[in-house]
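# please find the sequence and the predicted model below.
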Amino acid sequence: MKIETLDVYREVAQQPGLWKKVYADVLAGKDRISSFLNVYMKHDSEVVFTGAGSSFFVGEMVAGYFQEKTGRTTKAVSTTEIVTYPTHYISKNKPVLLVSFARSGNSPESVAAVKMAEETNPNIAHLIITCNKDGELARCESLENKFVYLLPEEANDKALAMTSSVTSMALVVLLLANLNNLISQEKQIEAAASLVEMVLEKYGNMLAEIASRDFERAVFLGSGPFYGLAHEAHLKVQEMTDGQLICKFDSFLGFRHGPKVVVNDKTLMVYLHSPKAQVRRYEDDLVRSINKEQNPAFKLGICDTCDSDDDYDAVVTFSEKKYGIDEAYFMLAYLVPVQLFSIFKSIEYGLNPDAPSASGAIHRVVQGVKIYND
């Protein structure tokens with residue numbers, strides 16, 4: 001199987017160009033977007049990022065950054081939680097902006113979460129960020145206070161696994177957080193794109209070799225926004241291997257509190273390191289603790305710089321200083337090594353990476369969900 005012929009590989013490789021296209025689109029539509037946000041994202045507004053699966057993890061990746069930049073209280077809540085417990089997550093009396101992420105916009109929970117949020121807070125506003133102009137979410141005619149941001153057509157990944165759709169939706173939020181400073185963001189995107197091109201050129205063979213090894217489980221760790229990244233990474237590899245490689249995720253500090261019992265001599269550890277020195281000290285302590293107390297099969301570090309290669313069996317090294325890139329944009333590039341690894345591991349299991357669910361357990365648009373309205 002030639003990897004270049006796969007939709008999922010093309011979608012991973014297209015991310016640098018797609019990000020530049022997203023930037024151009026946001027820049028061109030800045031006035032319309034600003035007008036909407038100025039009305040519906042007041043100083044006392046709560047912002048709720050929502051989605052299901054990978055679309056929810058987008059919110060986890062960017063919520064903290066958005067809150068830090070805008071000063072608005074921001075949280076990520078999955079549509080699956082809003083559907084079952086809407087009043088636990090949607091304030092009844094405060095101004096709320098619900099930001100819905102969706103590749104297709106056709107999953108039952110996506111539409112139901114919007115409806116239930118409306119019923120909980122009739123004055124809620126909606127920002128819908130989607131890759132499908134024909135999806136139910138994009139065509140929700142009943143919503144009054146809404147803005148639909150439609151990503152470029154190529155962001156609507158054809159393959160089962162979400163790849164370029166994830167990073168592109170995340171990028172939209174990073175840009176919205178910097179609407180008053182959009183011009184300076186172009187350099188950040190160019191730098192992130194350069195990092196991806198470097199990974200594709202330099203690390204493909206290494207990641208393929210790691211994927212050829214025998215693992216029973218894989219663990220992905222990240223801090224802050226990289227925790228959301230770890231959440232997405234664990235799902236991506238588990239999806240792409242049709243559940244044959246069981247995956248876990250956690251924060252570096254949280255992993256000590258019980259979850260580290262999963263590590264055995266058939267475990268792949270993937271460390272998604274923060275570029276912040278203060279955070280990195282905690283992370284390095286955990287890596288060395290795992291190395292000392294347990295015996296994972298393989299340790300992969302993904303980092304800006306890895307001070308001691310002795311702590312890892314292999315590293316994917318970016319250089320934040322070289323590219324002058326902000327942590328949030330840096331994060332987008334971090335996903336690419338995991339996306340590539342997931343493709344190689346899928347092939348290793350004899351699966352079709354474009355449609356790896358041989359059992360039919362998962363689908364491009366989730367099936368079997370019945371929404372109860374009474």
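That came through, no problem.
# what's the helix or strand for the residue nearest the centre of the chain?
The chain has residue 58 as the residue nearest its centroid, 4.0 Å off, counting by Cα atoms, centre = their mean. Using DSSP states H and E, residue 58 sits in helix 54-70.
# also residue 16?
Here residue 16 sits within helix 15-28, counting by DSSP H and E.
# which elements pack onto the helix or strand just after that helix?
As assigned by DSSP H and E, the chain's next helix or strand after helix 15-28 is helix 30-40. For helix 30-40, the elements it packs on are strand 125-130, strand 146-150, judged by 3 or more Cβ pairs under 8 Å, 6 or more residues apart in numbering; DSSP states H and E. (Each C-beta comes from the backbone N, C-alpha and C, glycine too.)
# run the angle between helix 30-40 and strand 125-130 for me.
140 degrees (axes from the mean of the first three to the mean of the last three Cα atoms, to 10 degrees).
# so where's the stretch 51-200 of the chain shaky on pLDDT?
Across the stretch 51-200 of the chain, residues meeting the criterion (pLDDT under 70) sit at 105, 141-142.
# please enumerate the strands of it.
73-76, 96-102, 125-130, 146-150 (DSSP state E, counting those that start in this stretch).
# quick one, helices of the stretch 101-250 of the chain?
108-120, 164-176, 182-202, 204-211, 225-240 (DSSP state H, counting those that start in this stretch).
# wait, residue 218 sits on residue 267?
Yes. Using Cβ atoms under 8 Å, residue 218 is in contact with residue 267, at 7.0 Å.
# which of those two has more neighbours?
Set residue 218 next to residue 267 and count neighbours by other Cβ atoms under 10 Å: residue 218 wins out with 29 against 21.
# tell me what that one is bridged to.
Beta-bridge pairing of residue 218 under DSSP bridges involves residue 247, residue 268.
# contacting residues for the nearest residue to residue 146 once chain neighbours are set aside?
Among residues not flanking residue 146 along the chain, residue 126 sits closest, at 4.1 Å (Cβ to Cβ, 6 or more residues apart in numbering). Contacts for residue 126 (Cβ atoms under 8 Å, 6 or more residues apart in numbering) come out as 97-100, 114, 117, 140, 143, 145-147.
# of those residues, closest to residue 35?
When the contacts of residue 126 are compared for distance to residue 35 (Cβ to Cβ), residue 147 wins out at 9.0 Å.
# okay, and for the stretch 201-350 of the chain, where does confidence drop off?
307-309, 320-323.
# just checking, what packs against the helix holding residue 16?
Counting by 3+ Cβ pairs under 8 Å, 6+ apart, helix 15-28 packs on helix 164-176, helix 182-202, helix 327-348.
# quick one, helices of the stretch 251-374 of the chain?
Assigned by DSSP H, counting those that start in this stretch, the helices in the stretch 251-374 of the chain fall at 277-293, 320-323, 327-348.
# closest one to residue 27 among those helices?
Counting by Cβ to Cβ, residue 27 lies closest to helix 327-348 out of these; the figure is 15.6 Å.
# and the closest one, what other elements does it pack with?
Using 3+ Cβ pairs under 8 Å, 6+ apart, helix 327-348 sits against helix 7-13, helix 15-28, helix 54-70, helix 164-176, helix 182-202, helix 204-211, helix 225-240, strand 298-303.
# tell me the most buried of the ones you listed?
helix 164-176 (a mean of 27; mean count of other Cβ atoms under 10 Å).
# now do that helix and helix 225-240, the angle between them.
Using the same axes, to 10 degrees: helix 164-176 against helix 225-240 is 160 degrees.
# please state the offset of helix 164-176 from the chain centre?
9 Å (Cα atoms, centre = their mean, to the nearest Å).
# could I get the helices of the stretch 101-250 of the chain as CSV with distance to residue 13?
Shown next, in CSV, are the helices of the stretch 101-250 of the chain (distance: least, Cβ to Cβ, whole Å):
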stretch, distance to residue 13
helix 108-120, 28
helix 164-176, 9
helix 182-202, 6
helix 204-211, 10
helix 225-240, 16
